[in-house]
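# only geometry, no sequence info:
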């Protein structure tokens, strides 16, 4: 191991913590956001009662802050984010009679852990080109002792904003995210409950059926941008189409976007494809027999999957972190570039790109919430017919048409 | 049995109808969220219909039958003459009266020594109010918030009925 590799390891570890924190806090916020959005759509007000009486007691003696804390400080119900887990922690952790104890505990871990793993391959900002100087190991006192005679090459270093820049990118995403079905199957089977089992069977069927459409509808994107690595896909989408339109996946592959969105919604078991839960038919589906923190993990896993779908959609169809027409090269001649200098400009570009990625992910989550209150749940035969009879052929046609058009444009006869 | 509705071609394509549905959802969301912001309240009329009970309360109709009360006469004593009309009319047998005689000139000759109403048994039908010949028992308190910490507190006595 060289010093450069050690630096890469440290950077990856930092990004892992950062990405986990970001995703977990967004998922926590979504527990409140979903209820608040639902109430706004249905002409209600939503959660607004949980409060900290202590907040009032601490801050009201401070004269400047008194107007803020004059009344009960509820922060539009934001304290429900804390109140919900506190309540769930207090609940009994119940394992039903005849349940497989190990698998019953393993299932929620899988359905929360697996979606979190996938976030490691998403680049959330462009590479930052660091031009500084080479540092010999002797100058780095405690760490340098482990690498005698080595040099840290910071004179020409690209700082990547991704936990693991895998060249199999999207294949990794598909492979790992489809493992989440194990959480559903194990939960349903190990609970020793007919409703849970029905939910698990439904979930397994649905997720395996829609996996095909999900993979095939993304193939067109891979053909156009020439790769499955997420960095390649994003770099390909950062260009402009005919000089004005960003070369985003949604503009080059509009049909694939609709198909991918539909399959993705089915894959994460989200309304209108929430048949594994189907609370009006099979109680709560595969997590009927779960309570306390195990239930919370299922719920949290679902929110994380929602963020995951949103991140995949952003990366494949909305140019990932890339902002069309914004790069260090385009900013360097302008007033902003002169003001900040080369390093400042690069930092500004990275911050803007990360902000764009975050904004699109949150926007995607918002869109998924909106979908929830528009659609009724599909019937099971409708779901299967749509998956196999309309999405699969359409995805195949999309691949053929994309191939023909590409060969015409690029002259591959 | 009603025949299932025949969908038109436009509806069977699904995607346009979906967009129409989404636009309704978006409209409601944005109108409500913009109407929620204090500065924009005049521009956008929020469609939320929630009443923040108990901080704000809607007016209750005077005919509405709430918790009972006993009416007082000009001397400030109960108008009730313990005729048992209300207890007889009561379909759920929740009124328990113990009548007593009195020589007090301010008081009527017959008066209720005890007048208990079991609020758990009461069905709030208002029969007692109709049956009362002296206009003594009334249900116009408009009180609907009589939660208690223990079941025996739901049997209210004469003093509570008079003091409401």
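Received it, and whenever you're ready, just let me know what you need. A quick note: this is a predicted structure, and the numbers were derived from the prediction, not measured.

# Pick out the residue in the stretch 251-400 of chain A sitting closest to chain B.
residue A:374 (4.5 Å; CB to the nearest CB). No exception for glycine: its C-beta is placed from N, CA and C like everyone else's.

# Find the residue closest to that residue in space, skipping its chain neighbours.
Using CB to CB, 6 or more residues apart in numbering or on different chains and skipping the chain neighbours, the partner closest in space to residue A:374 is residue B:21 (4.5 Å).

# before we move on, back to that, the residue of the stretch 251-400 of chain A closest to chain B belongs to a strand?
No - counting by DSSP: H, G, I helix; E, B strand; the rest coil, one finds residue A:374 to be coil, located in no strand.

# so what's it up against?
Residues near residue A:374 by CB atoms under 8 Å, 6 or more residues apart in numbering or on different chains: B:18, B:21-22, B:24-25.

# List only buried entries from those.
Burial by neighbour count, 16 or more other CB atoms under 10 Å in any protein chain shown: within the contacts of residue A:374 this picks out B:22, B:25.

# what about the strands in chain B?
Assigned strands in chain B, in chain order: B:69-70, B:95-101, B:110-118, B:137-138, B:155-156 (criterion: DSSP state E).

# Quick one: closest of those strands to residue A:178.
Residue A:178 lies closest to strand B:110-118 among these, at 62.2 Å (CB to CB).

# other SSEs contacting the helix or strand bottoming out on mean pLDDT in chain B?
Ranked by mean pLDDT, DSSP states H and E, the weakest helix or strand in chain B is helix B:9-12, scoring a mean of 83. Taking 3 or more CB pairs under 8 Å, 6 or more residues apart in numbering or on different chains; DSSP states H and E as contact, the helices and strands that helix B:9-12 lies on are helix B:15-36.

# quick check, distance from the helix it packs on to the centre of its chain.
36 Å (CA atoms, centre = their mean, to the nearest Å).

# what do you get for stretch A:399-413?
Here the centre of mass of C-alpha atoms in stretch A:399-413, compared against the chain's by CA atoms, centre = their mean, lies 32 Å away.

# What parts of chain B come near chain A?
With CB under 8 Å from any CB of the partner chain as the criterion, chain B meets chain A at residues B:15, B:18, B:21-22, B:24-26, B:28-29, B:32-33, B:36, B:47-50, B:52.

# of these, buried ones?
Buried members of the residues of chain B next to chain A, scored by 16+ other CB under 10 Å, are B:22, B:25, B:28-29, B:32-33, B:48.

# Could you dump those residues into TSV with pLDDT added?
Listed next are those as TSV, based on pLDDT from 0 to 100:
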residue	pLDDT
B:22	89
B:25	89
B:28	88
B:29	88
B:32	86
B:33	84
B:48	81
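
# What is the neighbour count of residue 138?
All of this is about chain A. 13 (other CB atoms under 10 Å in any protein chain shown).

# should've been chain B
Around residue B:138 sit 19 other residues, with neighbours defined as other CB under 10 Å.

# Next, the contact list for it, please.
Counting by CB under 8 Å, 6+ apart, residue B:138 has contacts B:68-71, B:129.

# Highest neighbour count among these?
Among these, where neighbours are counted by other CB under 10 Å, the top count belongs to residue B:68, at 26 neighbours.

# Do I have it right that that one meets residue B:139?
Yes - applying CB atoms under 8 Å, one finds residue B:68 in contact with residue B:139, separated by 5.4 Å.

# shared neighbours of those two, which are they?
Common neighbours of residue B:68 and residue B:139 (CB under 8 Å, 6+ apart) are residue B:128.

# Residue A:200 contacts residue A:192, doesn't it?
No - counting by CB under 8 Å, no contact exists between residue A:200 and residue A:192, whose distance comes to 11.8 Å.

# Neighbour count: these two, which is higher?
Set side by side, residue A:200 and residue A:192 show more neighbours around residue A:200, with 26 against 15, by other CB under 10 Å.

# Secondary structure element for that one, which one?
Secondary structure assigned from DSSP states H and E places residue A:200 in helix A:194-225.

# And for residue A:129?
Taking DSSP H and E as the criterion, residue A:129 maps to strand A:125-130.

# thinking again about what came up before, find the pair from the contacts of residue B:138 with maximum spatial separation.
The farthest-apart pair in the contacts of residue B:138, when distances are taken by CB to CB, is B:70 and B:129, at 11.3 Å.

# domain assignment for chain B?
According to the domain assignment given by automatic domain parsing, chain B is divided into the following structural domains: B:1-50, B:69-163.

# which stretch in those domains has the least confidence?
Set side by side, the domains of chain B show their lowest mean pLDDT on domain B:1-50, which sits at a mean of 82.

# mind checking how far that domain is from the chain centre?
Domain B:1-50 has its C-alpha centroid displaced from the chain centroid by 34 Å (CA atoms, centre = their mean).

# And it, end to end?
In domain B:1-50, first residue to last residue: 38 Å (CA to CA, to the nearest Å).

# before we move on, what about stretch B:73-87?
Distance across stretch B:73-87, first residue to last, is 21 Å (CA to CA).

# what's in contact with it?
Taking CB under 8 Å, 6+ apart as the criterion, the residues outside stretch B:73-87 that touch it are B:70-72, B:93, B:95-100, B:106-108, B:110-112, B:115, B:127-129, B:131-137, B:158, B:162.

# Please tell me how far residue A:216 sits from residue A:308.
Using CB to CB, to the nearest Å, one gets 19 Å for the distance from residue A:216 to residue A:308.

# Next: residue A:76.
From residue A:76 over to residue A:308 (counting by CB to CB), the distance is 27 Å.

# out of those two, which sits in the busier spot?
residue A:308 (27 against 13).

# Touching, that one and residue A:118? I think so.
Yes - with contacts defined as CB under 8 Å, residue A:308 counts as touching residue A:118 at a distance of 5.7 Å.

# any residues in contact with both of those two?
Common contacts of residue A:308 and residue A:118 (CB under 8 Å, 6+ apart): residue A:177.

# so after the lowest-mean-pLDDT helix or strand in chain A, what's the next helix or strand?
Least confident helix or strand of chain A, by mean pLDDT, DSSP H and E, is helix A:53-59 with a mean of 64. Using DSSP H and E, the next helix or strand after helix A:53-59 towards the C-terminus is helix A:80-90.

# Close to chain B: what parts of the stretch 201-350 of chain A are there?
Counting by CB under 8 Å from any CB, the residues of the stretch 201-350 of chain A lying close to chain B are residue A:258.

# Just the helices from the stretch 201-350 of chain A, written as ranges.
Using DSSP state H, counting those that start in this stretch, the helices of the stretch 201-350 of chain A run over residues A:230-237, A:249-252, A:254-267, A:292-317, A:328-331, A:335-372.

# Lowest mean pLDDT across those, which one is that?
Within the helices of the stretch 201-350 of chain A, the least confident segment by mean pLDDT turns out to be helix A:328-331, at a mean of 75.

# who touches that one?
The contact list for helix A:328-331, computed with CB under 8 Å, 6+ apart, reads A:129, A:337, A:342, A:345-346, A:348-349.

# Now distance to residue A:44 and neighbour count too, for those, in TSV please.
Below are the contacts of helix A:328-331 laid out as TSV (distance: CB to CB, whole Å; neighbours: other CB atoms under 10 Å in any protein chain shown):
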residue	distance to residue A:44	neighbour count
A:129	50	14
A:337	49	18
A:342	52	13
A:345	47	21
A:346	47	22
A:348	41	17
A:349	42	23
